[in-house]
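>>> sequence plus predicted model, see below.
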Amino acid sequence: MSYRAYQDSLPKKRMGAGALIFDENGRFLLVNPTYKEPWEVPGGIVEANESPAQACVREVREELGLDIELARLILVDYLSDSPEKVEALMFIFEGPILTPTEIESIKLQVEELSEYRFCTIDEAIGLLNHRLGRRVRRSLEALGENGPVYVEDQESVFTN
């Protein structure tokens, strides 16, 4: 067996990437998918031969019509296997602060998104599922920390 064939035989994980994109008031962007409940942060699934950062930028461009630059990786969340979903790695990036003109230029991909809004964390918690709400809260906390944060099922693994 070739080394490539061996690598191809290894387990694969589902990956997703999202961005915290802000307005000038410090609120962050949420989107409402048409194909599932509830609200999400902009982003999506990482495709084959695509990095998480590339996937995030691509998804924001496709779904919102915005060409963004990511500032940095904020958080990586390992999600355990559950009855509803297979295990996964979820990446959260810090996105830009949008100007009012950039916000006005948002063009929703209507096949995937019905609306968007900028929220505080308290407003977002009522719109997001429990897992994503915890991930977003931890990501916002991590903005003030040095370097990205690694969590498992939204819980800190390292204490320092």
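Good, I have the coordinates.
>>> show residues contacting the one helix or strand G44 maps to.
Assigned by DSSP states H and E, G44 belongs to strand 43-45. Strand 43-45 has contacts (C-beta atoms under 8 Å, 6 or more residues apart in numbering) with 14-19, 55-56, 59-60, 63. No exception for glycine: its C-beta is placed from N, CA and C like everyone else's.
>>> what subset of those residues is buried?
Buried members of the contacts of strand 43-45, scored by 16 or more other C-beta atoms under 10 Å, are 15-19, 55-56, 59-60, 63.
>>> dump those into TSV; add distance to G26 as well.
Below are these laid out as TSV (distance: C-beta to C-beta, whole Å):
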residue	distance to G26
M15	28
G16	24
A17	22
G18	18
A19	15
A55	26
C56	21
E59	23
V60	19
E63	23
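>>> what's the closest of these to R131?
For the buried ones among the contacts of strand 43-45, the minimum distance to R131 (C-beta to C-beta) is 11.4 Å, reached by G16.
>>> the closest one against F91, yeah?
Yes - contact criterion C-beta atoms under 8 Å: G16 and F91 qualify, at 7.2 Å.
>>> hey, what's in contact with both of those two?
What both G16 and F91 touch, as defined by C-beta under 8 Å, 6+ apart, is the set 46, 52.
>>> what lines up beside the strand holding G44 in the sheet?
Take DSSP bridges as the rule and strand 43-45 pairs in its sheet with strand 14-22 (antiparallel).
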